[in-house]
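Novice: Requesting a structural model of the entry that follows:
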Amino acid sequence: MTTSRRKRKPKTPVIMTVETNAKTSRPDAKLIPISSYREDFINRMALNNYEVKQLYKDSQWLEDQVRPKVVTFVANIKPNFNKLVDQVKQAAP
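Specialist: Okay, the predicted model is just below:
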């Protein structure tokens, strides 16, 4: 036994409007000259370059701190890992 589904009537869309008090004329605002934008861009790039250099310096420091520990860990774990690999090879048919 099958049941038929009732078709729903599509809802009528709700149109919302927003009232604004926007002026249609240009406001009296002081415009920034293009030279100020240029100076700002140069300053921001200088700051960005400084931060990237500091990030690089910090990443080098981190590598210097971590590398000896990783080398020691690998040197300690490698013989045990090789033994385990040999045991698996011998157990495999």
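Novice: which regions of this protein sit below the pLDDT cut-off?
Specialist: Within the chain, the stretches with pLDDT under 70 are 1-3, 22-23, 93.
Novice: one more time with 80
Specialist: 1-27, 92-93 (pLDDT under 80).
Novice: which stretches of it form helices?
Specialist: 34-91 (DSSP state H).
Novice: Kindly list the main-chain dihedrals of residue 28?
Specialist: Backbone torsions of residue 28, given as degrees, to the nearest 10, read phi -80, psi 90.
Novice: Please work out how many residues are found near it.
Specialist: By other Cβ atoms under 10 Å, the residues close to residue 28 number 5. In this view, the C-beta of every residue, glycine as well, is placed from N, C-alpha and C.
Novice: repeat for residue 82
Specialist: 10.
Novice: swap in residue 37?
Specialist: 10.
Novice: how far away is it from residue 78?
Specialist: 58 Å (Cβ to Cβ, to the nearest Å).
Novice: swap in residue 24?
Specialist: Applying Cβ to Cβ to residue 24 and residue 78 gives a distance of 76 Å.
Novice: got it, and residue 21?
Specialist: 74 Å.
Novice: Between these two, which is the more surrounded one?
Specialist: Higher neighbour count among residue 21 and residue 78: residue 78, with 10 against 4, using other Cβ under 10 Å.
Novice: any chance you could read off phi and psi for residue 32?
Specialist: phi -90, psi 130.
Novice: distance of it from residue 38?
Specialist: With distances taken as Cβ to Cβ, residue 32 is found 11 Å from residue 38.
Novice: and if you look at residue 63?
Specialist: 38 Å.
Novice: Burial check on residue 85, number of neighbours?
Specialist: 10.
Novice: what sits against it?
Specialist: Counting by Cβ atoms under 8 Å, 6 or more residues apart in numbering, residue 85 touches no other residue.
Novice: Could you check how far it is from residue 71?
Specialist: 21 Å.
Novice: And residue 14, by the same measure?
Specialist: Per Cβ to Cβ, residue 14 is found 67 Å from residue 71.
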